[in-house]
Structure formats: C-alpha cells, structure tokens
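J.: Sharing a sequence plus its predicted fold:
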Amino acid sequence: MIFAGTPISIPDVIKEYVEILPFLWNQRNAFLNSERLTLRDLIDHDERIAANTDGLVLAGLDAEPLLIAALNDSDADAVVSSAFVMLCSEQPQWIELLFEALNKMQGPSLEGLSLALCMAPIKQIQPDLYKILESSSFAAVSTTCLALSFHGAEISWNVISRLLNGEEPAIRQKAWESLAYIGSKKPAGCDDKALNFYLKKAIASETPEVKKAAVEAAIWTRQSWLLDYWRKAAQSVELPDFYSLEQLAILATDKDFSLIKSLINNRLTAPQKYRIAGIYGNPLLMDEILSGMRNDDPLSASAAGAAFYKITGINVESGVRVPVLQPGQAEPDEFEKEFLDEVTLPDPDLAEKKWENIAGDFSQGTRFCRGMAVNPDMPPDTFDKFDLTSRREAYIRAYFNRIWSGEKSFLERLQ
C-alpha cells in the first residue's frame, strides 16, 4: 500500500481496507462460535485483521476521513473496525475522538466501540478510562468497566454494584460480563454475600441476555453452588433456559449421566436434545444420536449429525442441503423461500456403519470430543486441537474444576 521511499499512499487501497475490515470483524464472531473451525483458522483470520489494520495505521491521516465516517456509522462492525485502527495508532487526535464518541454513543455503535476497547491495547489510555468510571453516564461507565475488566485492570465492587442496579438491561449485562472477565480474583472490596444474592436473582428472573451474562459470571467466579443449583433445576417441573442446560452439560460429571440421559430421553425435544448429547460427549448416548439422524425434521437430523461429529470427529454429512425454518420463524412467502437458511443432512446409514466399526474405541471413556477421550487431567493445551466451540467448552470445564487458571479473555482476544 505504501510506495517505498515516498509518503504517498494509494486511496483505493485505503478504501478497500476500510471496507473489508467490518466484514472480517463480523466473520470473527462467527469463527468464535464455530463447531468446525479450529484455533489455526482463527489465527489465520486474525492475521488478516492485523494486516488490514496495519495498513490503515501506516496510512495515518490519509485514512482519517474514511475512518471517521466509519466511526460515525450505526453499524457495530464498521465502528469496531475504525475504533480498533484508531486505538492501535495511538494518534492523540484520534484517541480524543474516541473519548468523545464513548460519551455519546449508544446501541450497536457503542457495542462496536466496546469491542474495540477490549481487543486493542489500552495501556496508554487506561488512566483516562478510570476517570470515566466516575461519570454519571451508565452507558459510558459500563462500556469502560467492561474494557478494563477484559484487560485485567482492577475494578471496585462499588462500580460493579452500581451497574448491577442500573435500570437498563444492557447496563446490567455489561456488569455481569465484566465480572466474568474479572473471574476468580473478584472485584476489589467484593461483598460475596451480595454477589451471590445478585447472581441467584439474575439467573432466576432476568431478561435472556442478562441471564446469560450472569450465568457466565457465576461460572468464571467459580460459584460452588452453581452445579447443584442446575442439577436441581433440571429435575424441576419447569426446566431452566436452554443456555443454562448447555452449561450444565459442559460442567456435568460422570455421576450426572442419568440426569443428562433423562433430559435427552424424556424432557428435551429435538433438535435441542442432540445439542446436549454432543456437549456431554458420552458415547452411551450414541443410540439416541443415531436414531435422530433419521428424524423427518431437517434441523433435528442435522443436529444429530453434528453431535455425532462432535463426539467422534467423523463427518457423515450426505451432501444434501435443504432449506429450513428456524424455531418461531413465520411461514415464508415465495420470495422469502429463496433466502431461507439451509442445513446439510447426515447420512444415517454411513453413521451407523462407521459407529459399528469404531464403537469399541469409545468403550473406555465417558466424555469424548472429536474422537479424543476428554479426561479430567487432560493438559489444557490439548484443547487447541478441538473446534473453537468445543475448545471453549473444554477450557470452561477445566477452569471451573481448577485445572486451568487462565481468564475468559484468553478465549476471545486476538491471536
């Protein structure tokens, strides 16, 4: 992009970098939740983000008009792209723009800036970020609190508790997300009794997104009551939300087999039950998974095929793709049918044949992922061989069981 020996940059290339970065950031979120891509794929993708970012940092003021336009966009991906470049550049006038934006942004734009503050280096501006924690703007305080927590900076319980009492769900959500990043260190001056009260209240009665954030905070602060709480809830008349059941399947031990099997056989419906079977990873659930591949519902059959792959590491897709309606999606008209999501159906005959040949290899373990036995004493760096979703699940389990002492941000930061 830069001609050697000259200060001249190429406008069209600058424009291309600015236009492609939002797509790369959007794609990165999908990568982190992928059940097929691995850490190597994420590293390659992050190198693309770094290369495009470096090009714009080198372009400097030549890129400023396009970067400012992106920063003022209402799209979160455009904002994170621009803000990340500005933070990496450390140019004073750009940092000043970001602080101005932080105090007035809201909605998706603020989410984009929040992500940029988490992903970019902020050591140089950390003192100024701490000053914002004293602001009267809940949005600015919660965004700043999240960024500082992500980077391992100390946050006081006073700040967290103030946000937990915020009126807007988005504010309370960021408070819980901050606690998850702080992890077992706990906020300075943390009141454990108050924390438990807030957690149990949020898990029981909050909005779905806030509840999800509270569940993650409970995991990453290693709440000793959590697993038994879910075990009891999973046997109650009204099941907990599905995200909590997924976390139960991640953390469940061998002694929970009967509970998980009961959920799959008697309480959950397809496709959710196949998702739980795959997460739990016990090969004794394979009969249910194999029969699920013959389900007339494409979403359910596909989910059963995904569970088979998650446990065995063997792809049994048939190559046949069919359009599907997502749960709750209205019946489409003829035009909308052209844009429906598609899933690939598994080949149940192939799966049964493969399982017949390899079942003996799975007789000595109780949890498998991609054909590997997942033992309690498994070295955490082995998890990097898994797909990115299974890798995250394995690290969560190792962390909760005090086998791995890392931080949640380790699983999300740029590679």
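T.: Great, that's in hand.
J.: could you point out the longest strand in the protein?
T.: Longest strand in the chain, counting residues (DSSP state E): strand 317-324.
J.: Kindly export that one (C-alpha atoms) in PDB.
T.: Output of strand 317-324 as PDB, limited to C-alpha atoms (Å, rounded to 0.1, in the frame of the first residue of the first chain):
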ATOM      1  CA  GLU A 317     -22.800 -35.400   6.000                       C
ATOM      2  CA  SER A 318     -24.700 -36.600   2.900                       C
ATOM      3  CA  GLY A 319     -24.000 -33.500   0.900                       C
ATOM      4  CA  VAL A 320     -27.800 -32.900   0.600                       C
ATOM      5  CA  ARG A 321     -28.700 -29.400   1.700                       C
ATOM      6  CA  VAL A 322     -32.300 -28.500   2.400                       C
ATOM      7  CA  PRO A 323     -33.900 -25.100   3.400                       C
ATOM      8  CA  VAL A 324     -35.200 -24.900   7.000                       C
END
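J.: Give me the phi and psi for the nearest residue to Pro348 once chain neighbours are set aside.
T.: Leaving aside its chain neighbours, Pro348 sits nearest to Met293 (3.9 Å; criterion: CB to CB, 6 or more residues apart in numbering). In this view, the C-beta of every residue, glycine as well, is placed from N, C-alpha and C. Dihedral pair for Met293: phi -70, psi -20, per degrees, to the nearest 10.
J.: can you map out the strands along the protein?
T.: Using DSSP E, the strands of the chain run over residues 317-324, 341-346, 368-369, 372-373.
J.: so which of those strands gets nearest Asp41?
T.: For Asp41, the closest of the strands of the chain is strand 368-369, at 16.9 Å, according to CB to CB.
J.: what are the pairing partners of that closest one, and which direction each?
T.: For strand 368-369, the paired strands and their directions (DSSP bridges) are strand 372-373 (antiparallel).
J.: contact partners of the partner strand?
T.: Strand 372-373 has contacts (CB atoms under 8 Å, 6 or more residues apart in numbering) with Gly313, Gln364, Gly365, Arg367, Thr382, Lys385, Phe386.
J.: what number of residues lie near the second one?
T.: Right, the one you point to is Gln364. 8 (other CB atoms under 10 Å).
J.: List the contacts of it.
T.: For Gln364, the contact set (CB under 8 Å, 6+ apart) comprises Ala373.
J.: so what secondary structure elements neighbour the longest strand of the chain?
T.: helix 298-312, strand 341-346 (3 or more CB pairs under 8 Å, 6 or more residues apart in numbering; DSSP states H and E).
J.: buried ones in stretch 48-55?
T.: The neighbour-count check on stretch 48-55 (16 or more other CB atoms under 10 Å) flags Ile49, Asn52, Thr53, Gly55 as buried.
J.: Can you give me the buried ones in stretch 232-251?
T.: By 16+ other CB under 10 Å, the buried positions in stretch 232-251 come out as Ala233, Ala234, Pro240, Ser244, Leu245, Glu246, Gln247, Leu248, Ala249, Ile250, Leu251.
J.: what's near enough to touch the second one?
T.: Okay, so that is Ala234. Ala234 neighbours (CB under 8 Å, 6+ apart): Pro240, Leu245, Leu248, Leu259, Leu263, Arg267.
J.: and it, how far is that from Ser244?
T.: Distance, Ala234 to Ser244, using CB to CB, to the nearest Å: 9 Å.
J.: just Ser82 next, same as before
T.: 36 Å.
J.: list the contacts for His42?
T.: That one is not His; residue 42 is Leu. Arg28, Phe31, Leu32, Leu388, Gln415.
J.: likewise Ala351?
T.: Ala351 makes contact with Leu290, Met293, Gly305, Phe308, Ile314, Val316, according to CB under 8 Å, 6+ apart.
J.: That one - nearest residue in space that isn't next to it in sequence?
T.: Distances taken as CB to CB, 6+ apart put Val316 closest to Ala351, at 4.2 Å, once the chain neighbours are dropped.
J.: Go ahead and confirm that neighbour touches Lys353.
T.: No - between Val316 and Lys353 there is no contact under CB atoms under 8 Å: 9.1 Å.
J.: Helices along the stretch 51-200 of the chain, start to end?
T.: 64-71, 76-89, 92-102, 107-119, 126-132, 138-150, 157-164, 169-182, 192-205 (DSSP state H, counting those that start in this stretch).
J.: ok, and for stretch 348-366, which residues are buried?
T.: So, applying 16+ other CB under 10 Å, buried residues of stretch 348-366: Pro348, Leu350, Ala351, Glu352, Lys354, Trp355, Phe362, Thr366.
J.: gap between the second one and Ser291?
T.: Noted for Leu350: a distance of 15 Å to Ser291, by CB to CB.
J.: And Leu115, by the same measure?
T.: For Leu115, the distance to Ser291 (CB to CB) stands at 42 Å.
J.: Those two: who's more crowded?
T.: Neighbour totals were compared for Leu115 and Ser291, and Leu115 leads with 25 against 12 (other CB under 10 Å).
J.: Contacts only, for the residue nearest to Tyr130 when sequence neighbours are not counted.
T.: Once flanking residues are discounted, Tyr130 sits nearest to Leu148: 7.3 Å by CB to CB, 6+ apart. Shown in contact with Leu148 (CB under 8 Å, 6+ apart): Ile122, Gln126, Leu129, Tyr130, Leu133, Ile155, Ser178.
J.: mind checking pLDDT for the residue nearest to the second one when sequence neighbours are not counted?
T.: Here the nearest residue to Gln126 in space, its sequence neighbours aside, is Ala153; by CB to CB, 6+ apart that works out to 6.3 Å. As predicted, Ala153 sits at a pLDDT of 96.
J.: Report how many residues lie close to Ala153.
T.: Neighbours around Ala153, by other CB under 10 Å: 17.
J.: Does it touch Lys123 like I think?
T.: No - taking CB under 8 Å as the definition, Ala153 is not a contact partner of Lys123, at 9.5 Å.
J.: re the thing from before, so which of the helices of the stretch 51-200 of the chain gets nearest Leu24?
T.: Checking these against Leu24 by CB to CB gives helix 76-89 as the closest, at 7.8 Å.
J.: just how off-centre is the closest one within its chain?
T.: 20 Å (CA atoms, centre = their mean, to the nearest Å).
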